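Asks: The sequence and its predicted three-dimensional model are supplied below.
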Amino acid sequence: MAQTVKFWFDPACPFAWITSRWIREVEQVRDIKVDFEVISLGVLNEKHQDQDDPGTKAIWQGARTALAVRERHGAEKVSEFYTAAGTRIHNEGYGTERYDDAMTEALAEIGVDDANEIFEESKKDTYDEGLRESTRCALELVGDDVGTPIIAIGDSAFFGPVMTRIPRGEEAGKIWDGFSTLVEYPYFYELKRARNTKPEFS
């Protein structure tokens, strides 16, 4: 039976996007099944951001949409939504400036019958309590000095890994082998170095 791996993401985060595409590659070469959960950068950065800024509103909107899809349609659909939305936001350059387009097009692509309702709710605070709870659950596993993504294997979880390229095929699997070994060691806590390359999504 495939090992379930929990992966917390916010659609806006380019590093979570790269890591998510890596772990999708890992699913093809290792016996794991990824369960995508939502963490909110809006919640994480609420005290430090201008809540009236259009970019901030877009970040909230993306996480609300993802959570709505998960709560209404389940884990498989939120995985499909993340792929559809993330491709537009990151690969196709929609960014936060075209979040309305990214959300509506992604919802249409995954074929949910309540797409219009979800989109309208994403502009309100309907799902904010759920976002706070989902974010709280993720932070309980790793502490509050982190961002996205967060990956949990069993009872052990870590922020990261943070990469600027997407490993493919067996290379992805080898990186997973090392990462999962470290995650499962109870006395391992941190690896880090300064980034000197920018994210590439291809």
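Replies: That came through, no problem.

Asks: Which parts of this protein are strands?
Replies: Ranges of strands within the chain are 3-9, 32-38, 150-153, 156-159, based on DSSP state E.

Asks: CSV for those, including mean neighbour count and distance to residue 89?
Replies: Using the backbone N, CA and C atoms, a C-beta is placed for each residue, glycine as well. Below are these laid out as CSV (neighbours: other Cβ atoms under 10 Å; distance: least, Cβ to Cβ, whole Å):
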stretch, mean neighbour count, distance to residue 89
strand 3-9, 20, 12
strand 32-38, 19, 15
strand 150-153, 22, 19
strand 156-159, 19, 21
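
Asks: would TSV of the ones you listed with mean pLDDT and distance to residue 49 be doable?
Replies: Formatted as TSV, the strands of the chain follow (pLDDT from 0 to 100; distance: least, Cβ to Cβ, whole Å):
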stretch	mean pLDDT	distance to residue 49
strand 3-9	96	19
strand 32-38	97	18
strand 150-153	96	20
strand 156-159	94	20
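
Asks: right, so of those strands, which gets closest to residue 61?
Replies: Residue 61 lies closest, by Cβ to Cβ, to one member of the strands of the chain: strand 32-38, at 12.5 Å.

Asks: So what are the sheet partners of the closest one and their directions?
Replies: Paired neighbours of strand 32-38 in the sheet (DSSP bridges): strand 3-9 (parallel).

Asks: What lies in contact with the strand it pairs with?
Replies: 16-17, 19-20, 23, 31-39, 66, 82, 134, 138, 148-153, 157 (Cβ atoms under 8 Å, 6 or more residues apart in numbering).

Asks: and what of stretch 159-178?
Replies: Applying Cβ under 8 Å, 6+ apart, the contact partners of stretch 159-178 are 15, 18-19, 21-23, 25-26, 28-30, 32, 142, 146-151, 179, 195, 197-202.

Asks: redo that, cut-off 6 Å
Replies: For stretch 159-178, contacts defined as Cβ atoms under 6 Å, 6 or more residues apart in numbering pick out 15, 18, 21-22, 25-26, 29-30, 142, 146, 150, 179, 197, 199-200.

Asks: Ends of it, what's the gap?
Replies: End-to-end distance for stretch 159-178, by Cα to Cα, to the nearest Å: 15 Å.
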